[in-house]
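J.: quick check, what structure comes out for this input:
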Amino acid sequence: MNRRSDRVRSSRSGTAAAEDDSPSQVGDKHLSDKQARALAREHERARVKRSRRKAVLIALAVVVVVVGSAALVYFTPLLSVRSVTVAGESSVSEQEILDLLDVPAGLPLIRVDTAAAAQRVATIPALATVRVQRKYPSTVQVAVEERTPVAFFDSPDGTHLLDSTGVDFAIAPPPPGVVRLVTENPVFGDAVTKDALAVLDTLPPMLRDQVGELRASTLSDISILLLDGRTVVWGSKDNSERKAAVAIALLSQPGQIFDVSSPDLPTTK
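T.: Got it, this is the predicted structure:
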């Protein structure tokens, strides 16, 4: 009996001993996992810190480059105005354009206000369009288009030249081919003047080259006086292309007055 009891106790003791060893091993394993996680977190914090430091250094480098570039462009003579070119001028002098452009040599090119400069030059009445551009590293380019005279009217102060839109841009002798305009109020924006010039603009060269004078008393009373003294009664500006074709055909016939105001029923006198 005693041996059996001893064996039982011994067996129980062995079991108890085995059971006593298990918590210690589990605890050690749990501690190792915890340390590993802590170490991983520490590495991650260090990596994030390095990334932030790198991002800050890159941002500072970018700021330095931008500020340095801006200073180079705005304040140094490396990209400043050294020359100004003008193209498209004919009757207007280059010096007049440069005086109104008012862009001093040595001014940093980036600081040239091209829009304001173009507006100043555009105050010259004879110029229809003005364009001012920066051309790096050191040039300002000015391109202009002058107005083309198509008609003139007589005034006590001289002969006024008009372009196709009715702009009175110069007092000067009319060039060859420019026709006399006779209206009550030959100024820009006047409806009768505008329509008369619109008729002139639609004429084909065969007819346009024969015109000496353009008369208009009302919107519906426009007439063309040819260089040979004959007259074409035009009426309004409506159907001008049709009227021009009819007029060219009629002018091959005898007569002094050719009425195409109603192009389907033209008359000759």
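
J.: could you point out which element follows the host helix or strand of L39?
T.: Per DSSP states H and E: L39 is located in helix 2-75. Toward the C-terminal end, the helix or strand that comes next after helix 2-75 (DSSP H and E) is strand 83-87.

J.: helices or strands up against that following strand?
T.: The contact analysis (3 or more Cβ pairs under 8 Å, 6 or more residues apart in numbering; DSSP states H and E) places strand 83-87 against helix 94-101, strand 139-146. For glycine as for every other residue, the C-beta is placed from the backbone atoms N, C-alpha and C.

J.: list the strands paired with it, with their directions.
T.: Paired neighbours of strand 83-87 in the sheet (DSSP bridges): strand 139-146 (parallel).

J.: quick one: mean pLDDT for whichever helix or strand comes after the partner strand?
T.: Downstream of strand 139-146, the next assigned helix or strand under DSSP H and E is strand 151-155. When pLDDT is averaged over strand 151-155, the result is 97.

J.: ok, then the element right after strand 151-155?
T.: Using DSSP H and E, the helix or strand that follows strand 151-155 in sequence is strand 158-162.

J.: quick check: buried residues in the next helix or strand after that following strand?
T.: With elements assigned by DSSP H and E, the helix or strand that comes after strand 158-162 is strand 168-171. For strand 168-171, a neighbour-count test (16 or more other Cβ atoms under 10 Å) marks D168, F169, A170 as buried.

J.: please apply the same query to stretch 103-113.
T.: For stretch 103-113, by 16+ other Cβ under 10 Å, it's V103, P108, L109, V112.

J.: let's have the buried residues of strand 168-171 in JSON lines, adding distance to T231 and pLDDT.
T.: Shown next, in JSON lines, are the buried residues of strand 168-171 (distance: Cβ to Cβ, whole Å; pLDDT from 0 to 100):
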{"residue": "D168", "distance to T231": "26", "pLDDT": "96"}
{"residue": "F169", "distance to T231": "29", "pLDDT": "96"}
{"residue": "A170", "distance to T231": "29", "pLDDT": "96"}
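
J.: quick check, nearest of those residues to A87?
T.: Using Cβ to Cβ, F169 is the member of these that lies nearest A87, at 19.5 Å.

J.: quick check: the gap between that closest one and A128.
T.: Per Cβ to Cβ, to the nearest Å, F169 is found 8 Å from A128.

J.: show me where the chain dips below the pLDDT cut-off.
T.: 1-31, 55-57, 59-77 (pLDDT under 70).

J.: at 90 what do you get?
T.: For the chain, applying pLDDT under 90 flags the ranges 1-79.

J.: from I124, how far off is V130?
T.: Taking Cβ to Cβ, one finds V130 at 8 Å from I124.

J.: of those two, who's got more company?
T.: Neighbours per residue, other Cβ atoms under 10 Å: of V130 and I124, the larger number sits with V130, 21 against 18.

J.: wouldn't the more buried one be in contact with T123 here?
T.: No. Counting by Cβ atoms under 8 Å, V130 does not reach T123; the two are 9.3 Å apart.

J.: how long is stretch 108-120 end to end?
T.: Terminal residues of stretch 108-120 lie 19 Å apart, using Cα to Cα, to the nearest Å.

J.: picking up where we left off before, and the buried residues of stretch 103-113, which of them are in helices?
T.: In helices, defined here by DSSP state H, there are no members of those.
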